[in-house]
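# based on what follows, work out the 3D shape:
(one chain, ligands or ions: 1)
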Amino acid sequence: MKALVVYDSAYGNTRSVAEAIAGSLGPLQAEAVPVTEFKLPDLAENDLLVVGSPINGWRPTPKITELLSALADGRLKGVRAAAFDTRVKLFIHGDAAKKMTASLKAGGAEIVSKPMAFYVKGTEGPLRSGELDKAATWAKDLLARVGA
Ligand SMILES: Cc1cc2nc3c(=O)[nH]c(=O)nc-3n(C[C@H](O)[C@H](O)[C@H](O)COP(=O)(O)O)c2cc1C
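Numbers count the residues shown, from 1 in each chain. All right, here's what the predicted structure looks like:
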């Protein structure tokens, strides 16, 4: 069993969260992988796939959307999965993690966590204080959920 944390990131904030998550998934030898480098054959039965994206206009980025569309129709059967987004803390901010979670489920993945959000201070960041610790805590929760 291994883990991949696939992310897109314009300004580096989602990448930082992805790397913090991968770093705290130690027993699964997790890697943070930019979305442009992800290949489905890299995943096997029972592996954990975490997908992260900044919210762009209430949805994941086009590259993440494209990837998840390509994985629809049961291509993620046997894989465990969870999704997170990064966002600004506005009263109305929309959602990407929930949409990504629904897409992962449509791809046949077993969803192991509810969608997670991490907050940036502005469009280019930086992350709000405590968000990397929150990422590490979430990763440990994921580990427990996949029995690693
Ligand atoms: C074109 C664009 C649209 C955005 N739309 C939203 C949005 O709908 N809701 C939100 O909370 N943040 C929105 N943001 C802010 C991003 O979420 C923020 O830039 C991102 O979390 C930074 O992550 P990154 O450094 O990984 O790119 C938007 C940013 C851009 C550039």
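# which of the three states applies to the residue sitting furthest away from the middle of the chain?
The outermost residue of the chain, judged against the average C-alpha position, is residue 91 (22.7 Å), by CA atoms, centre = their mean. Three-state assignment for residue 91 (DSSP: H, G, I helix; E, B strand; the rest coil): coil.
# what of residue 147?
coil.
# that one: neighbouring residues, count only.
Neighbours of residue 147 under the rule other CB atoms under 10 Å: 9. For every residue, glycine as well, the C-beta is placed using N, CA and C.
# state the distance from it to residue 40.
Between residue 147 and residue 40 the computed distance is 23 Å (CB to CB, to the nearest Å).
# and for residue 5?
15 Å.
# now residue 120
29 Å.
# quick one: which of the two has more around it?
It is residue 120, of residue 120 and residue 40, that has more neighbours when counted by other CB under 10 Å, with 22 against 13.
# all strands for this structure, in order.
3-7, 31-34, 48-54, 80-88, 110-111, 116-120 (DSSP state E).
# kindly format the C-alpha coordinates of the longest one as CSV.
Right, strand 80-88. The C-alpha trace of strand 80-88 is given here as CSV (Å, rounded to 0.1, in the frame of the first residue of the first chain):
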residue,chain,number,x,y,z
ARG,A,80,-8.9,4.7,-1.4
ALA,A,81,-9.2,8.5,-1.9
ALA,A,82,-9.7,11.9,-0.4
ALA,A,83,-9.7,15.5,-1.6
PHE,A,84,-8.7,18.9,-0.3
ASP,A,85,-8.8,22.5,-1.6
THR,A,86,-7.1,25.8,-0.7
ARG,A,87,-9.3,28.9,-0.6
VAL,A,88,-9.6,32.4,0.8
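# against which helices or strands is that strand packed?
helix 13-23, strand 48-54, helix 97-106, strand 110-111, strand 116-120, helix 131-145 (3 or more CB pairs under 8 Å, 6 or more residues apart in numbering; DSSP states H and E).
# mind checking how far the fourth one is from the chain centre?
Which is strand 110-111. 13 Å (CA atoms, centre = their mean, to the nearest Å).
# tell me the strands beside it, with direction?
strand 80-88 (parallel) (DSSP bridges).
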